[in-house]
Every structure is written in structure tokens, then in C-alpha cells.
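# here is the input, now give the coordinates:
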Amino acid sequence: MGTTFGYARTIDDAYIGYRIDGEGPVDIVHQPDWPGNIDFEWDEEWSATWFAGLGSMGRLIMHDHRGVGLSSRNVSLPTLEVRVSDLFGVLDGVGVQAPVMVGSLSTGAVNALACASRPGYARALVWLDPAPRYASAPDYPWGRTATDLAEELEKIATWGTESYATWFWQDQAETGFSFDAADAVAWLAKTSRNACTPDVARDLARIWFDTDVRGALPSVRTPTLLVAHDEKDSLGQARMVADLIGSAELVVLPRSTWTIDDQAPVLDAIRGFIGAERPRIELDAILRTVLFTDIVDSTARQASVGDHAWKELIGKHHGIVRDCLARWRGSENDTAGDGFYATFEGPARAIRCAQEITDRVRRLGIQIRAGVHTGECELIDGKVGGLAVSIGARVASLAAPSEVLVSQTVKDLVAGSGLSFDDAGAHELKGVPDRWQLYRVVPGDRPVRP
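Predicted structure coming up:
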């Protein structure tokens with residue numbers, strides 16, 4: 001099986017290292033879960049056997065996400081949004097079409113968000129031991145507590161050493177993973193040293209601890225296979241993910257020691273799933289982040305300056321908004337008077353765009369309010385609409401002057417972005433069921449470029 005290495009250059013000039021093994025009619029895209037190095041992933045027997053099994057189904061494509069391994073190190077660590085963008089950069093660069101996207105735990109969350117963002121793109125989504133979030137919560141009892149995170153961060157301080165590798169494998173053994181202690185410890189110590197430094201490993205752990213992808217899962221239309229083991233935590237999380245996606249197929253395997261022999265039923269389940277014939281899915285919805293802005297007290301301002309001056313002011317306002325949308329890769333959907341409605345593929349860009357608009361229009365002597373929400377949007381006559389759009393508009397209406405207000409879903413998806421939030425309380429949104437937890441974006445440093 002031949003191997004090819006390469007780099008994909010991202011829109012912000014980072015480099016994402018990838019490797020391709022083998023060839024075949026199906027593209028299998030696989031991302032290891034924890035920071036590694038694709039130069040070393042095949043050096044350990046268990047991993048090599050697993051990758052070879054996936055590669056027997058087609059062309060296997062792997063990459064290191066930014067900040068680790070062969071990819072650019074001197075960059076900000078990636079949010080889920082950035083990881084999805086970089087993933088598409090690799091796949092588009094090597095000419096992938098209709099891939100099977102395989103991942104476990106957090107990388108499965110990246111793949112799920114990618115499938116929700118590009119409905120109809122992937123042939124199948126395979127998520128092993130699915131975990132849509134890492135931290136425990138009242139509605140998510142399977143996650144780790146703050147105490148667990150503190151212990152993990154303490155151990156990560158020894159990242160790259162045999163001490164860290166020993167702790168990691170012992171932690172895995174408690175969940176049923178069986179390993180050859182001497183070989184596994186030496187391999188993981190070397191691989192982690194060549195993946196990243198301890199501070200990066202620590203910050204990545206914190207990013208994942210703050211992330212929750214559950215809000216995006218109802219938008220996944222890709223045929224989905226979930227593989228879980230018959231254990232409380234694994235099965236509970238998998239059933240939640242299956243319920244949220246709706247059409248996912250759940251395969252439950254006996255409690256596993258995850259030996260090489262235990263890989264066979266998992267690989268068989270994947271092989272059977274991707275080989276099955278399925279009816280074509282009508283793509284009538286897509287995951288998008290919606291941004292609404294409007295000028296505060298616009299009627300009073302128009303009356304005070306007069307129609308001619310107001311027309312000039314609105315023209316300058318529109319120019320600023322459209323310039324910001326272009327910079328942050330947003331799509332203008334509608335303009336009504338002094339308000340804009342735009343959509344983005346990622347929530348962090350929408351927030352940054354709103355922040356820049358807020359800053360720049362203030363120089364014109366006006367203020368805007370802005371609201372951001374991420375959700376499943378309906379495609380109606382080629383335009384984006386539906387309840388998610390209505391929610392975005394309602395969120396914007398509650399924002400104070402020069403304030404960017406966001407939904408809980410947005411906050412959960414931008415962990416690691418450097419954005420900070422204050423609790424804005426739970427609100428009823430006119431015409432929308434339930435109460436909605438909102439957050440105001442804390443003003444802070446703006447990035448130099450998108």
C-alpha cells in the first residue's frame with residue numbers, strides 16, 4: 001500500500017499536513033482522536049492494524065489538525081469551526097468526493113459538524129464511541145467533572161514522558177483497553193513528544209472541555225453509523241447522539257478490551273454500512289449561523305438629521321456591513337431599511353464580523369445591536385429560512401446598543417476562539433417555544449484577519 005505525504009494551505013496561510021495510504025473506489029477519511037503525529041501513527045501494532053483495516057476498504061486519508069504533528073505549530077489552536085474548515089481544505093485539495101468520514105470521541109464531533117455544514121457531501125459518517133461533549137452537565141451525566149479535568153491537566157504537565165504515557169494507558173485500561181505496557185508506553189511517549197508541547201496539549205484539553213456539539217446534530221443528514229460498547233457511559237452517549245441525529249444506525253458491541261482481535265467486528269460493521277444501498281436523501285436543510293443587525297433608534301436619528309443626510313449615512317453603514325461580510329466570509333441574505341440578515345458557515349466568524357461592524361459604525365455616530373444563532377435552516381426557493389432564522393432575529397431584538405448577543409448553541413461551538421461571554425439570562429423569544437439561554441459577547445481584542 002503506497003503512501004503519499006503533502007500539505008494543504010488554508011485560507012489564513014496555515015499548512016495542514018496529510019498522508020494518503022492506498023487507493024480504491026472509496027475515500028476513507030480518518031482523524032485520530034488525541035493529538036498525535038501522522039508520521040508515527042503506523043508505528044504501533046494496534047494502530048497500524050486498525051489503519052490497515054480501514055485502508056482495505058479504499059483510499060485512507062489522514063491529517064494532523066493545526067497546532068500539532070506535521071501541521072503548522074505557530075498558529076492559534078483550532079476551534080471546531082476551524083477544524084472543519086481545515087478538513088475541507090485537505091479534502092478539496094486532494095480531490096475527495098463522497099468520503100466516508102470516520103472518527104471517535106471528539107473527532108467524530110468535528111466530522112458531524114462537517115456533515116451538517118455540507119449536507120450531501122459525505123457518503124457516510126462513522127462515529128465510534130460518540131461523545132458530543134466532554135464535560136458533565138445536568139442533562140449530560142456521562143461527562144467529566146471539573147475535578148476530573150484538573151487531574152487530567154496535572155498529568156498533562158508531564159506530557160511527552162513515560163510518566164504521562166503510563167498514566168494515559170492505565171486510565172484507558174479502566175475503560176477496558178488492553179495494551180502491551182512496555183511497547184505502548186514507549187510509543188506514546190515518543191508520539192506525544194512529536195505531536196506538540198505540554199502547553200498545547202493542556203489548551204486543547206480545555207477547548208474540548210468547553211465544547212458541546214449537540215446543537216448541530218439534528219442538522220446531520222448524512223447516513224450515520226454509531227458504534228458503542230455495552231457499557232453505561234458509552235451506550236448512554238451513543239443513544240443521545242442517535243436520538244439527536246434521528247436517522248442514525250446504532251451498533252452495540254459487547255464490553256471490549258479493544259485488543260487487535262476486537263477490531264474485526266467494528267471494521268465489519270463499517271464495511272457493511274458503507275456498502276449498503278440507500279435511497280437518495282432530499283436535502284432541504286443546512287446548518288448555518290445567522291447574524292442579524294440593525295441600527296439603534298434609527299427613526300429618531302433620521303428625524304434629527306433629515307432625509308438627505310440619513311440617506312448618505314445609511315449608504316456608509318451599508319458599505320461597512322458589506323465590507324465586513326466579505327472579510328469574514330458571510331453571505332448577505334436580506335436587507336430591510338437599516339437592518340441586515342446574513343449567514344455564515346461558522347459561528348466564530350459571525351461574532352467577529354458583528355464585533356467589527358459594531359466598532360466601525362460607531363465612528364459614524366450610530367450604534368447597532370446584533371444577534372447570532374446557529375441552527376438548522378430550511379432551504380426555501382434557494383434561500384435560507386426557517387425557525388433558526390426567526391430565533392436569530394429574536395435574539396438580535398433583545399441586544400442592547402453596541403451589544404452582540406448569542407444563543408447557547410453558538411457559545412458551545414466557539415470554545416477555544418478567544419471569545420468571552422457574560423450570562424445574559426434565560427429569555428422567552430416571541431413566537432418560539434421554550435426559554436432560551438443567551439450570552440453577551442464581552443468586548444475584547446479583535447483579530448488582525450479572519
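# pLDDT below threshold where in the stretch 151-300 of the chain?
By pLDDT under 70, the low-scoring segments of the stretch 151-300 of the chain are 172-182, 256-258, 280-282.
# same thing but 90
165-188, 208, 211, 229-235, 246-247, 253-263, 275-286, 299 (pLDDT under 90).
# so where do the helices sit in it?
Under the criterion DSSP state H, counting those that start in this stretch, the stretch 151-300 of the chain contains helices at 162-173, 181-193, 198-209, 232-245, 263-275, 298-305.
# in the shortest one, which residues are buried?
Buried residues in helix 298-305, defined by neighbour count with 16 or more other Cβ atoms under 10 Å: 298, 301-302. The way it works is simple: take the backbone N, C-alpha and C, and place the C-beta from them, glycine included.
# for it, which helices and strands make contact with it?
helix 307-327 (3 or more Cβ pairs under 8 Å, 6 or more residues apart in numbering; DSSP states H and E).
# buried set for the helix it packs on?
310, 313-314, 317, 320-322, 324-325.
# any idea which of the residues you listed is closest to Ala98?
Nearest to Ala98 among the buried residues of helix 307-327: Leu325, at 30.9 Å, using Cβ to Cβ.
# I'd say that closest one and Ala342 touch.
Yes. Contact status for Leu325 versus Ala342: in contact at 5.5 Å, counting by Cβ atoms under 8 Å.
# closest to Val126 among the buried residues of helix 307-327?
Closest to Val126, out of all of those and judged by Cβ to Cβ, is Leu325, at 35.5 Å.
# so what's that closest one up against?
Residues in contact with Leu325 (Cβ atoms under 8 Å, 6 or more residues apart in numbering) are 331-332, 340, 342, 353.
# ok, how many other residues are close to Asp284?
Using other Cβ atoms under 10 Å, Asp284 has 11 other residues around it.
# pLDDT score assigned to the closest residue to it other than its chain neighbours?
Closest residue to Asp284 apart from its sequence neighbours, by Cβ to Cβ, 6 or more residues apart in numbering: Leu379 at 5.5 Å. Listed pLDDT for Leu379 reads 79.
# ditto for Gln31
81.
# from Lys311, how far out is it?
52 Å (Cβ to Cβ, to the nearest Å).
# hang on, Leu287 packs against Ala114?
No. Contact criterion Cβ under 8 Å: Leu287 and Ala114 do not qualify, at 9.7 Å.
# okay, now the sheet partners of the strand ranked longest in the chain, with direction.
In the chain, assigned by DSSP state E, the strand with the most residues is strand 368-380. Partner strands and pairing direction for strand 368-380 (DSSP bridges) are strand 285-295 (antiparallel), strand 383-385 (antiparallel), strand 404-407 (parallel).
# centre of the chain versus the first one, how much separation?
Here strand 285-295 is found 18 Å from its chain centre; the criterion is Cα atoms, centre = their mean, to the nearest Å.
# between it and helix 298-305, how big is the angle?
Computed by axes from the mean of the first three to the mean of the last three Cα atoms, to 10 degrees, the angle separating strand 285-295 from helix 298-305 equals 30 degrees.
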